[in-house]
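Asker: After the sequence you'll find the predicted model.
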Amino acid sequence: MKNNQELMEKIVSLCKRRGFVFPGSEIYGGLANSFDYGPLGVELKNNIKNIWWKRFVHQRDDMVGIDAALIMNPKVWSSSGHLATFNDPLVECKKCHHRFRADHVKAEKCPDCKGELTEAKQFNLMFKTFLGPVEDADNTVYFRPETAQAMFVDFKNVLETSRKKVPFGIAQIGKAFRNEITPGNFIFRTREFEQMEIEYFVKEEDWKKIFEYWKKEMWSWMTGELGLDKKNIHELDVPDNERAHYSKKTIDLEYDFPFGRDELYGLAYRTDFDLKNHYKEPPYEDAESGEKFYPHVVEPTWGVDRSVLAVLCDAYVEEKDRVVLKLKPNLAPYKVAVFPLLKNKPELVEKAKEVYNMLKKEFNVAFDDRGNIGKRYYSQDEIGTPYCVTVDFDTLKNDTVTLRDRDTMKQERAKISDLVNRISESLNG
């Protein structure tokens with residue numbers, strides 16, 4: 001299991017230096033546990049989300065998607081049990097007044113100053129705000145602490161418009177907000193985060209086999225689309241007293257981050273808890289038997305920000321003369337970088353721009369003419385660009401370029417007319 005604070009610091013530094021992740025509101029001193037995705041970070045994050053949506057929505061006949069509002073009628077959270085039970089135990093140091101989750105404090109003393117701690121009190125994690133100009137109890141609303149509830153509230157609308165039959169799923173990618181007592185570890189645990197989530201509706205007698213099916217699908221996603229090393233991934237069967245109030249069975253899929261092993265994704269069996277709480281009558285009728293019932297739910301959940309972090313940690317490699325992010329090609333922010341061999345030769349720059357504009361029609365492409373060619377290669381290695389194309393004097397003679405592979409650093413001549421196909425094959429391979 002990884003436990004390397006120095007490695008974590010290097011990854012955080014790379015993210016800031018190369019434009020993956022910035023501290024939020026930095027010019028004003030920042031905001032605790034707030035981060036912004038920079039030009040490369042947003043590309044990586046969007047690639048993960050787009051690949052996820054393609055696999056789990058577009059390529060399936062049993063899945064539809066929605067995109068629901070961040071603020072919902074507060075009755076939703078009353079019915080779902082979040083107002084009553086969505087709490088963490090909070091303790092406060094009597095000396096320095098720092099606050100901690102009680103279950104995260106190993107000793108009975110304050111981790112910061114060794115002062116005495118108060119008795120634990122329950123702290124609701126939902127962010128509260130007001131809808132409209134008057135800030136009173138009647139106008140109190142909450143930012144959603146999970147994306148799931150909209151999929152339950154919209155269940156009948158989805159049924160009526162999509163005509164899906166059980167088993168089927170509703171998918172959503174979106175932001176959620178939790179007023180965490182002790183966030184930390186960079187983008188691992190933040191108060192504003194993004195989820196890729198599915199509510200998969202099944203008959204009660206089928207939940208176990210569906211649960212196992214989705215566990216395999218999540219493993220396949222991690223080791224396949226994300227390219228994570230299998231040895232860094234572990235399953236944890238969450239004990240009864242640690243599961244969410246709606247869950248009858250939960251498995252955490254954990255990853256060995258540099259700061260230690262912790263939850264990457266979750267898979268829960270929510271029973272029929274949610275639909276029963278939101279609908280007075282069974283919302284589903286079997287087309288063949290005419291039976292009306294409350295479908296049960298298996299819920300696989302993928303954290304977007306934790307996906308980004310795990311991918312960066314797994315891909316980060318230090319070699320003798322370079323740092324390289326060995327990202328899967330389809331995840332990389334730039335698929336290819338184009339260089340003129342020499343900046344001060346207009347004919348090379350012009351030809352390189354032609355190649356750049358051709359490739360840009362198909363891929364996200366970088367153009368760089370700064371410094372020597374070796375430094376440009378290593379710069380692209382550090383951000384995970386799979387291929388570099390160099391336009392040199394031979395290019396002007398025969399329309400071939402130097403094509404360099406990020407991982408092997410092998411260089412070969414390639415026809416300009418073949419570049420799109422060769423790069424596309426690697427992205428789809």
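Answerer: Arrived safely, thanks for sending. Numbering: from 1, shown residues only.
Asker: so what's E347 closest to, chain neighbours aside?
Answerer: Nearest-residue entry for E347: L396, 6.2 Å, with adjacent residues in sequence omitted and distances by C-beta to C-beta, 6 or more residues apart in numbering. In this view, the C-beta of every residue, glycine as well, is placed from N, C-alpha and C.
Asker: Roughly how far does the one you found sit from T390?
Answerer: Noted for L396: a distance of 13 Å to T390, by C-beta to C-beta, to the nearest Å.
Asker: on that earlier part again, output the contacting helices and strands for whichever strand or helix holds the residue nearest to E347.
Answerer: L396 belongs to helix 393-398 when elements are defined using DSSP states H and E. With contacts taken as 3 or more C-beta pairs under 8 Å, 6 or more residues apart in numbering; DSSP states H and E, helix 393-398 sits against helix 346-360.
Asker: who touches stretch 47-62?
Answerer: Where contact means C-beta atoms under 8 Å, 6 or more residues apart in numbering, the residues beyond stretch 47-62 that reach it are 63-65, 164, 167-169, 171, 173, 196, 198, 217, 221, 225-226, 302, 304, 307-308, 311, 330-333.
Asker: Return the subset of those residues lying in strands.
Answerer: Using DSSP state E, the members of these that fall within strands are 63-65, 168-169, 171, 173, 196, 198, 302.
Asker: what about stretch 288-296, start to end distance?
Answerer: End-to-end distance of stretch 288-296: 19 Å, with C-alpha to C-alpha, to the nearest Å as the criterion.
Asker: roughly how far is that stretch from the heart of the chain?
Answerer: Computed by C-alpha atoms, centre = their mean, to the nearest Å, the chain-centroid distance of stretch 288-296 equals 34 Å.
Asker: Pull out the buried residues from it.
Answerer: By 16 or more other C-beta atoms under 10 Å, the buried positions in stretch 288-296 come out as 293-296.
Asker: try stretch 400-416
Answerer: Of the residues in stretch 400-416, those buried by neighbour count under the rule 16+ other C-beta under 10 Å are 400-404, 406, 414, 416.
Asker: Tabulate those (TSV), appending secondary structure, pLDDT and distance to L31.
Answerer: Output for these, formatted as TSV (DSSP: H, G, I helix; E, B strand; the rest coil; pLDDT from 0 to 100; distance: C-beta to C-beta, whole Å):
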residue	secondary structure	pLDDT	distance to L31
T400	strand	97	51
V401	strand	97	45
T402	strand	97	45
L403	strand	97	44
R404	strand	97	41
R406	coil	96	35
A414	strand	96	47
I416	helix	97	47
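Asker: nearest spatial neighbour of L226, skipping sequence neighbours?
Answerer: Once chain neighbours are set aside, the closest to L226 by C-beta to C-beta, 6+ apart is V311, at 5.6 Å.
Asker: Same question for V401.
Answerer: Nearest-residue entry for V401: V389, 5.0 Å, with adjacent residues in sequence omitted and distances by C-beta to C-beta, 6+ apart.
Asker: Please, which helix or strand holds the one you found?
Answerer: V389 belongs to strand 387-391, assigned by DSSP H and E.
Asker: Now do that strand and helix 346-360, the angle between them.
Answerer: Here strand 387-391 points in a direction 150 degrees away from that of helix 346-360 (axes from the mean of the first three to the mean of the last three C-alpha atoms, to 10 degrees).
Asker: How is the protein divided into domains?
Answerer: When the chain is parsed into structural domains using automatic domain parsing, the resulting residue ranges are 5-78+137-314, 325-428.
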